[in-house]
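Participant: what shape does this take:
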Amino acid sequence: MPVDMRNGTTVQEFILEGFPAVQYLGKALFLVHLLAYLASIAGNAVIVAITCVDARLHTPMYFFLSIFSFFECCFTSAVIPKLMAIFLLGRQTISFAACFIQAFVLVFLGTSGFLFIAVMSLDRYMAICRPLHYPTIMNLRTCFLLVTSCFALGFTLITGLVVKVSQLYFCGPNIIHHFFCDLGPLIHLSCSDTKSVEMLAFILALFILSISLIITVIAYSQIIVTIVHLPSAKERQKAFSTCSSHLIVLSLMYGSCIFIYVKPKQTKRLNFNREAALVNTVVTPLLNPVVYTLRNKQVHQALKEAMNRIKIAR
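Facilitator: Down below sits the predicted model:
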């Protein structure tokens with residue numbers, strides 16, 4: 001051990017560094033992140049609500065999209081309010097327990113989310129490449145089973161890792177060079193020998209991202225091949241437009257997470273991790289409602305009819 005554990009002082013709270021280089025712009029950054037947060041929550045909440053109330057959207061695709069939007073609401077709500085408090089009030093402290101709860105929630109939601117992306121890709125593959133078998137295979141029972149499996153597998157994979165990190169010895173310093181509690185910076189602060197924990201985190205991140213990415217790439221490759229062979233040029237253009245938008249968001253998500261987590265030594269590039277993490281916590285949740293559903297004509301029609309019903313009710 002690098003220090004004598006008997007003489008060490010156990011850390012009771014951590015300090016989230018945030019973005020010290022731009023902290024003097026705190027009020028302006030608070031407003032920017034508040035607007036982004038509200039827009040993200042509103043957009044994703046609209047998707048969930050309109051999917052529930054409109055019977056025409058009671059299909060596997062929109063069911064998965066509504067669950068994914070719920071994921072995004074939870075994920076951003078676990079991060080952005082604390083970041084806004086740092087910008088506006090300078091409240092950077094977080095208790096030991098709260099820090100690890102936040103870390104668990106974020107990693108659990110992130111893991112389940114990436115597994116869920118793979119499921120969504122398979123759903124699109126079945127709908128486009130195997131349309132005759134799609135209604136039979138993707139029934140309500142299958143959809144619920146897939147969603148439950150993503151949650152269960154994410155919980156199983158992550159719980160042991162978070163518990164293992166929480167059992168490390170923290171004797172100081174207690175400054176986390178990030179704007180939320182993430183496992184990498186926490187491991188970096190430990191006074192214990194962290195080689196085995198770092199390797200476990202690396203293997204899990206590599207496994208989760210690789211499995212999800214491989215399934216997604218194979219599914220979309222088959223989708224693109226099918227689209228190319230569509231007889232109508234208009235249908236091909238429409239399908240490619242939708243797929244390209246999806247792939248842009250997926251590239252941002254996978255790219256930023258691979259940059260942050262898939263490296264065996266967590267002490268490297270911690271400062272750059274903050275910028276990459278902003279992509280996952282602010283940018284992609286804001287883009288997802290636009291890319292996945294709000295550009296969809298069925299959703300547009302459902303929204304118009306819902307607004308008309310509200311106007312009539314008044």
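Participant: so which elements touch whatever helix or strand E72 lives in?
Facilitator: Here E72, judged by DSSP states H and E, is contained in helix 60-77. Applying 3 or more CB pairs under 8 Å, 6 or more residues apart in numbering; DSSP states H and E, one finds that helix 60-77 makes contact with helix 26-53, helix 96-129, helix 140-166, helix 284-288. For the C-beta atoms, the positions are set from N, CA and C on the backbone; glycine is no exception.
Participant: among those, which is nearest H229?
Facilitator: Among the helices and strands packed on helix 60-77, helix 96-129 comes nearest to H229, with 10.4 Å by CB to CB.
Participant: and N273, which of the helices and strands packed on helix 60-77 is closest to it?
Facilitator: helix 96-129 (13.1 Å).
Participant: the following helix or strand past the closest one packs against which elements?
Facilitator: For helix 96-129, the following helix or strand on the C-terminal side (DSSP H and E) is helix 134-137. Using 3+ CB pairs under 8 Å, 6+ apart, the elements in contact with helix 134-137 are helix 96-129.
Participant: how does it look with 6 Å?
Facilitator: Under the contact definition 3 or more CB pairs under 6 Å, 6 or more residues apart in numbering; DSSP states H and E, helix 134-137 sits against no other helix or strand.
Participant: list the buried ones in it?
Facilitator: Y134 (16 or more other CB atoms under 10 Å).
Participant: contacts for it next, please.
Facilitator: 126-127 (CB atoms under 6 Å, 6 or more residues apart in numbering).
Participant: same question for that helix, mean pLDDT?
Facilitator: In this model, helix 134-137 has an average pLDDT of 90.
Participant: cool, stretch 220-236 as well?
Facilitator: Averaged across stretch 220-236, pLDDT comes to 81.
Participant: same thing with stretch 153-163?
Facilitator: 93.
Participant: which other residues reach that stretch?
Facilitator: Outside stretch 153-163, the residues that reach it (CB under 6 Å, 6+ apart) are 104, 107-108, 111-112, 115, 200, 204.
Participant: recalculate using a threshold of 7 Å.
Facilitator: 100, 103-104, 107-108, 111-112, 115, 200-201, 204, 208 (CB atoms under 7 Å, 6 or more residues apart in numbering).
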